[in-house]
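Visitor: Need coordinates for the following:
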Amino acid sequence: MAIDNFIPQIWSDRILKNLNAAHVFADRLNRDYEGEIRAHGDSVRINSIGRVTIRDYVKNGTILVPETLQGSDMVLEITQQKYFNFEIDDIDRWQQKPKLMDAATRETAWSMADEVDRYLAGVLQAGSTNNVTGAAGAVLTIGTGAGESSAYVTLVDAGVALSEQNVPTQGRWAVVPPWFEGMLLKDDRFVSYGTVANREDLKNGHIGRAAGFDIYVSNNVSSLGGLGVNYYIQTGVNEAATYAEQIDDTEAFRPEDTFSDALKGLHLYGAKVTRPYALAYIYGAEGA
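Guide: Now for the predicted structure:
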């Protein structure tokens, strides 16, 4: 039967591989608990402890009784579920089935990654606590015109906001919309960084470094009022939030009303901001 070569696990693994290659926002989160998530509705409890008090010690003196550490916990839940369902006609199957399946899995992965990144942009924005805004939380107009904020300077301000919360400088990232990238490209402080030899190859939206951040570009940066209005340009470190995903219940089948092989599957995922202080967004709109 034609379905014999349509093994679900093979294509499920390939979709996940392509999915990971397509992510921008998802790759900015850690996946420390992904292995503990098995199905929709599953959850994992994340435990954490408060900071330890450091005290002065006097030689030959006595010390205080051990302090009781204050713990807290939070729950990472798989709250999102999306599905895919596509078929390949038998005529096409006999001609170029491997090529068609590769194209189908790439397209499926790209579409799912797009959905995931839009979701994650909202999760990170809602969880950010150290944000760069105008007076009283107003939107900043970012551009090169009179009275507008420089894109590069707003990144510097975001870096300061994170440093004031003792967020490590190593591994800081920023995900920006294309117009913000354009503003950076007009700034010598960004385009003159390093040499071609020490700039990383472009991959997964990575466009270089600026103001201590690895810069990634995405059309899924969270915004208010629709695309092209007010954006939450996200910065942070991978330790700030955790993410888990899986392809569940992938099935190969023969639709009754067509001569084709079909594949369907359920994509399950969820995310949790675990260290809000390690995130900061720049609330900005495109200027001149």
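Visitor: how about the strands of the stretch 101-250 of the chain, start to end?
Guide: 140-142, 173-176, 206-210, 213-217, 223-224, 230-236, 241-253 (DSSP state E, counting those that start in this stretch).
Visitor: just checking, what's the longest helix in this protein?
Guide: Longest helix in the chain by number of residues, with DSSP state H as the criterion: helix 90-127.
Visitor: That one packs against which elements?
Guide: If contacts are counted by 3 or more C-beta pairs under 8 Å, 6 or more residues apart in numbering; DSSP states H and E, helix 90-127 sits against helix 8-22, strand 80-89, strand 230-236, strand 241-253, strand 260-273, strand 279-286. (Each C-beta comes from the backbone N, C-alpha and C, glycine too.)
Visitor: before we move on, back to that, among the strands of the stretch 101-250 of the chain, show the one with the smallest mean pLDDT.
Guide: Mean pLDDT across these is lowest at strand 206-210; the value there is a mean of 70.
Visitor: Show me which helix or strand of this protein is least confident by mean pLDDT.
Guide: Scoring the helices and strands of the chain by mean pLDDT, DSSP states H and E places helix 188-191 at the bottom, with a mean of 64.
Visitor: Distance check, T68 against R45.
Guide: 20 Å (C-beta to C-beta, to the nearest Å).
Visitor: cool, and A252?
Guide: Using C-beta to C-beta, A252 is found at 36 Å from R45.
Visitor: Which residue of these two possesses the greater neighbour count?
Guide: Each of A252 and R45 had its neighbours counted (other C-beta atoms under 10 Å), and the higher figure belongs to A252 (20 against 10).
Visitor: In the stretch 151-288 of the chain, where is pLDDT below threshold?
Guide: In the predicted model, the stretch 151-288 of the chain carries pLDDT under 70 at residues 188-207, 225-228.
Visitor: still on that earlier bit, could you save the helices and strands packed on helix 90-127 as TSV and add columns showing distance to S111?
Guide: Output for those, formatted as TSV (distance: least, C-beta to C-beta, whole Å):
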stretch	distance to S111
helix 8-22	9
strand 80-89	8
strand 230-236	22
strand 241-253	13
strand 260-273	10
strand 279-286	26
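Visitor: Which stretch among the strands of the stretch 101-250 of the chain approaches I91 most closely?
Guide: Nearest to I91 among these is strand 241-253 (18.4 Å), distances taken as C-beta to C-beta.
Visitor: Now do the buried residues in that closest one.
Guide: Neighbour counts using 16 or more other C-beta atoms under 10 Å place A241, T242, Y243, A244, E245, Q246, I247, D248, T250, A252 of strand 241-253 among the buried residues.
Visitor: could the residues you listed be laid out in a markdown table, adding distance to K17?
Guide: Output for these, formatted as a markdown table (distance: C-beta to C-beta, whole Å):
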| residue | distance to K17 |
| --- | --- |
| A241 | 23 |
| T242 | 21 |
| Y243 | 17 |
| A244 | 17 |
| E245 | 13 |
| Q246 | 13 |
| I247 | 11 |
| D248 | 16 |
| T250 | 14 |
| A252 | 18 |
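Visitor: quick check: mean pLDDT across stretch 54-74?
Guide: The model assigns stretch 54-74 a mean pLDDT of 80.
Visitor: With that, I have no additional questions.
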